[in-house]
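S.K.: Need coordinates for the following:
(2 chains)
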Amino acid sequence: KRQAISLLASQTSSAPETVVTPSQPEDDFQEELVIRPLHSGDIYASFQFRTVWDTDFMGGKKVSHYRLFPKSLGQVISKFSVRELHISFTQGYWRTMQWGQPFLPSPPGAELWVWFQDTVTDVDGTWKELTNVLSGIFCASLNFIDSTNTVQPSASFKPLGIGNVTDHRFLRYATLPREIVCTENLTPWKKLLPCGSKAGLAVLMKSEKLFHSSFHSQAVHIRPVCQDWQCKSTSWELRQTLNVVFDLHSSGQGKREWSLFKMFSRTLTEACPLASSSKIYIDVTDNPQQFELSPATPLLSQAVVLGDRRTYSVYDLTQQATFGSMRSLNMLLRWKSSDGDMMRPLLHGERYVAGYGLQTGEIHTLMYNHHPYRAFPVLLLDTVPWYLRLYIHTLTVTSKGKDNKPSYIHYQPSKDRVRPHLLEMLVQLPPNSVTEVTVQFERALLKWTEYTPDPNHGFYVGSSVVSALVPSVVAMDTNSTQERPLFSSFFPSKEESSYFVRIYTEPLLVNLPTPDFSMPYNVICLTCTVVAVGYGSLYNLLTRTFQVEEPSPGLAKRLANIIRKMRGVPPL
Amino acid sequence: MGLLSDPNRRRALISMLTRLNAPICVVCYMAGVAWFMGLAFEPFTLRTYMSENAMGSTMVEERFPAGERALATGREFAAHKKKVGGMPVDWLVKTMQSQGLEVFTQRFSRTLPFPDENKERYVVEGTNVYGILRAPRAPRTEALVLSAPCSPGNNNNQAVGLLLGLSQYFRNQIYWAKDIIFLVNEHDLIGMQAWLEGYHHTNTTGMDWSPLQGRGGSIQAALSLELSSDVITSLDLVLEGLNGQLPNLDLANLFYAFCQKIGVLCTIQGKLQRDDWDTASGYSHAVQTMMLMVLKQASGRPWGDHGLFLRYHIEAASIKGINSFRQYKTDATTIGRLLEGMFRKLNNLLERLHQSYFFYLMPSLSRFVSIGYYMPAFGLLAVILLLRALDLWVQLSALPSRTEDGIADIEQVSQTHLGVLSVLTPLVISHLTGVALYTLPIRSQEMAVEHFPVFETEAVVLTAIAIYTAGLALPHNTHRLVSGEGTEQGWRVLKLVAVLYLAVLLGCTALINFSLGFILALTLVPLAAFITPHVPKLLSALFMVLLSPGCTLFFSIFFFQELQETPVNLQEGWVLFLSVISQGILDHSLYGSLVYPLVALLVYPCWLLFWNILFWK
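M.R.: Residues are numbered from 1 along each chain as shown, chains lettered A, B, ... in the order given. As a prediction, this is how the structure comes out:
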């Protein structure tokens, strides 16, 4: 089980096979850009930069000579004994229903998940240090990751690289839904590239254009991969990805016509000289019915991506002919007509908070299976901060009006101010249905120092993660509508029958009961007055002794008493 | 506080309070009324100011150009509405989709408990259409709402046109940080209720609606637009929502600030602001504006589509375009700019609107009276009840000490025992009458329609009035059922209980809905203060009936009509009175307004207790 993108990557990496000598560590850099015109008229551009280095960070001797692989990350890997590291920064929410599935999904805000080597003894301590270091490397607030937002998912996040340790004690997962991604995060990310933003595809990454978009996501994935097909030794793969969606209306002035210049306000003139492969793929599956592409390219490539057979026009930037006589490449895509419906994504998720008032609420998670006849299981991961106290006995899972019992539930209750709720479930989604997971919660009253500086904004709850093996569209095509040889179409082939998808729901913004912070002054004044007046008088009443005062005796009596005193007789 | 610890001085104070009880009460009442009337006097009020920094200091530009096109869209909408004979759902969906919004629809249906004669509806079925403008690079956590009702007839077509024009213009802008939901709701408040319940997945009123498909996170603010002409002379701001809830004052400030900036005449309660506060007419103008707000708030019903948002802690207001015969006109482009400006500022919000006041009265759009200023007026009335209670307490504790011998103790015990019983019986009976008043009108409508030649609505209202009137005859001699002859002490205990009950009831009401609490206090406190079995029966009975909650409502209707400059005669007033009662019952069952149950279950029984005391034998 791999993310489907690796299928695409394996295609590209087949061409430049360098001779590897086992004694000398070898590194290799590839860059590519995939452009997918979307049915809504928006356009999706996905950059991938892959650096593979045949070295061993975990070995006895220290690695000190870096060429293509960024030194800062290499040091992180060796110092913290990282086996796999995935970090993403996303601004915006991927609109699955409009845009289809992304190549690399990511939740809004920052997400970090790390598998440590099984030699690490103090995982939590290492995790804490690692987040602080990464925070510095990426200029992000990753240092806000602590035990209250870190979980150890038992099933949802399996290692993507080689290795068979799946003990989730060595896994840490955290999201910061509130993290805002901007230029300051992009610059350090670009600096990790061998060519920086000086040459190659990275030239296109001008931040004022990248952030003038509907969706922006950048990520770094590090994992060990096989060095060759025999897999006797491992290499380290660093994959930097950047996904961006440009909006038809605000960036494209409403015209269904896109070019590299319109998207990035740059054109391409050369590949990165350090890259062994530098390609642009353009999804032309719907061509020529829908749009035309200029300049035309003779190179076509077919691949099954996300369960769907797609055709790509390929521009090889390492060849001078690609740039033509103008010495610059500025592809132009023009829609001929805007009709035609998008195929509905087979899996789709939504989440919202129900109810009103500041005491209780209910989290609803909806998972849509749009497949007409196949049911498939999904893994749902929910991380809820401790200040929403989940009533786990109210957890219900319903599909088509009936109770849908999850076959696996992993629930870790929260501890106040220490750790969040973790809920993992394996749910079977019936075909063509909506499955609704609801759980009620109570909003906690925080201590007054625990409120953020803007408490009335609300508190964020990170996205839930739905991971699934979705039956692919290719396998759905049982009637052989597509031209295929008969001998190849009787049994559905194994690797095409389903593909891995991870979708993230919306993060939630929940208002907690918030005191009026201008009140403390009033409260102090009021309390002081009440204490002074109320307590004072009560204290007075309790401590004072009451006695009946006798009227003062008359003169005769007083005289008589003096005489009696002198006589030694008790007074009257 | 030495006062309390010193028995002599305490005695002196109490004797002074009991001796001067009546004059003090009269003075308090006068002072309360005077204080309240003073609230509208400009030097005593504060000028409104923007508290929210995120909206105050930032500048926005208004560039909306397409007012004429919006009006054309409105005309197109009107044509389609006429063709379909209702909400043109398909056309709206197509139009919004072509603008690049995510469009969803929601179907709802609701059978009213009895036919609504004002709006001529009984079984309501409809569809809401809404389009979501997704903010770029925002994670769907926050949203703003702009709504326009799709009303029957030729109303509000311009509002829908402007809404579509704004959505088209907004869609092309890059600066949105919150999703914007453009909602066209059918059947005004019922549609809005269905949409809000669907959005928050609650069901408080038993309505049927189909679940919503798209959401935009937590809604931060909402504006509802009502516009029925191409040009307008002024914009009216409506704030009063369900159960007298008001949006944060900053929303009103925002509206006022933009009206000033763009140069649009703006009103509140349909009254322009005047600057001659030092003349009698200027003062009475301010009083009228404030009294209109008080009456509207006291009614507890939503005075615009915005009113239902407030329950969900969403700050909302309605903006109504008014076209009168003035020379000065404002066109749709300018209104569009005003809304654009307001939305851009709301878009800048970092937190929910919370900085400014939630409890206020407005004698004009630029002046407000905060809770700290108006509460003393109510406090002065409420203190009368406490003084009377103190007086009664002293009288009650003084009564047995007159006997002065030990044998009387046993009698005393049995007497107080009887007292408790004699208090309990009227309490229970008057509350049962209240329960009957609350439940029977709707329950027995079918029976009433069968036996009498009336419609359902009339049946409900007349049943309510009948039960209300029957309550006058029922309980005033029931206490004899248990305790035989009513004693002198018995009515004092009952009155003490009733007075304290009224004090708590009015206090709680005033905290939630000041206007309602104050109006009830204004009428109920004097009768609570003076009623004893020894006052002249007939005159007092007349007086009590005139001050009863039902008659208060009757007078309020006349007063309200007078303030709105549409005075009615007795006949029309009675018809209005009947329709207001039916609306009150409908508001309760449709939207969950609490005024009807409050009056039926608590205020009316409390009033009956005093009625009981008057006829104590």
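S.K.: Spell out which parts of chain B neighbour chain A.
M.R.: Counting by CB under 8 Å from any CB of the partner chain, the residues of chain B close to chain A are B:1-2, B:4-5, B:100, B:102, B:134, B:136-142, B:171-174, B:200-202, B:215, B:217-218, B:311-313, B:350-352, B:354. To be clear about C-beta, it is placed using only N, CA and C from the backbone, and glycine gets the same treatment.
S.K.: give me that answer again for 7 Å
M.R.: Taking CB under 7 Å from any CB of the partner chain, the part of chain B that reaches chain A is made up of B:1, B:4-5, B:100, B:134, B:136-142, B:171-174, B:200-202, B:215, B:217-218, B:311-313, B:350-352, B:354.
S.K.: In ChimeraX, how would I select the buried members of the residues you listed?
M.R.: The command below creates a ChimeraX selection of those among these that count as buried (16 or more other CB atoms under 10 Å in any protein chain shown):
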select /B:5,100,134,136,137,138,139,140,141,142,171,173,200,201,202,215,217,218,311,312,313,351,352,354
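S.K.: Show me which parts of the helix or strand that contains residue B:283 are buried, residue by residue.
M.R.: Under the criterion DSSP states H and E, the helix or strand holding residue B:283 is helix B:280-299. In terms of neighbour count (16+ other CB under 10 Å), helix B:280-299 has its buried residues at B:282-283, B:285-299.
S.K.: Following it in sequence, what is the next regular element?
M.R.: Of the helices and strands lying after helix B:280-299 in sequence (DSSP H and E), the nearest is strand B:315-322.
S.K.: which helices and strands does that following strand pack with?
M.R.: In terms of contact count using 3 or more CB pairs under 7 Å, 6 or more residues apart in numbering or on different chains; DSSP states H and E, strand B:315-322 is assigned the packing partners strand B:218-226, strand B:234-238, helix B:249-262.
S.K.: domains of chain B?
M.R.: Using the TED database, the domain ranges for chain B come out as B:53-365, B:412-615.
S.K.: Can you tell me which of these is most buried?
M.R.: By mean neighbour count, with neighbours taken as mean count of other CB atoms under 10 Å in any protein chain shown, domain B:53-365 ranks first of the domains of chain B at a mean of 20.
S.K.: That domain spans what distance, first to last residue?
M.R.: Length of domain B:53-365, first residue to last, CA to CA, to the nearest Å: 20 Å.
S.K.: for stretch B:458-474, what is the average pLDDT?
M.R.: Computed over stretch B:458-474, the mean pLDDT rounds to 85.
S.K.: And the contacts of it?
M.R.: Stretch B:458-474 is touched from outside by B:114, B:433, B:436-437, B:440-442, B:444-445, B:448-449, B:454, B:550, B:578, B:581-582, B:585, B:608, B:611, with contacts defined as CB atoms under 7 Å, 6 or more residues apart in numbering or on different chains.
S.K.: rerun at 6 Å
M.R.: By CB atoms under 6 Å, 6 or more residues apart in numbering or on different chains, the residues outside stretch B:458-474 that reach it are B:114, B:433, B:436-437, B:440-441, B:444-445, B:448-449, B:550, B:578, B:581-582, B:608.
S.K.: Among these, which ones are in helices?
M.R.: The helices in this structure, assigned by DSSP state H, contain B:433, B:436-437, B:440-441, B:445, B:448-449, B:550, B:578, B:581-582, B:608 from the contacts of stretch B:458-474.
S.K.: any idea how far the residue positioned nearest the centre of chain A lies from residue A:237?
M.R.: Residue closest to the average C-alpha location in chain A (CA atoms, centre = their mean): residue A:107, at 3.0 Å. Using CB to CB, to the nearest Å, residue A:107 is found at 23 Å from residue A:237.
S.K.: What of residue A:342?
M.R.: When CB to CB is the yardstick, residue A:342 and residue A:237 sit 32 Å from each other.
S.K.: Same drill for those two, tell me which one is more crowded.
M.R.: Just comparing residue A:342 and residue A:237: by other CB atoms under 10 Å in any protein chain shown the higher neighbour count belongs to residue A:237, 21 against 13.
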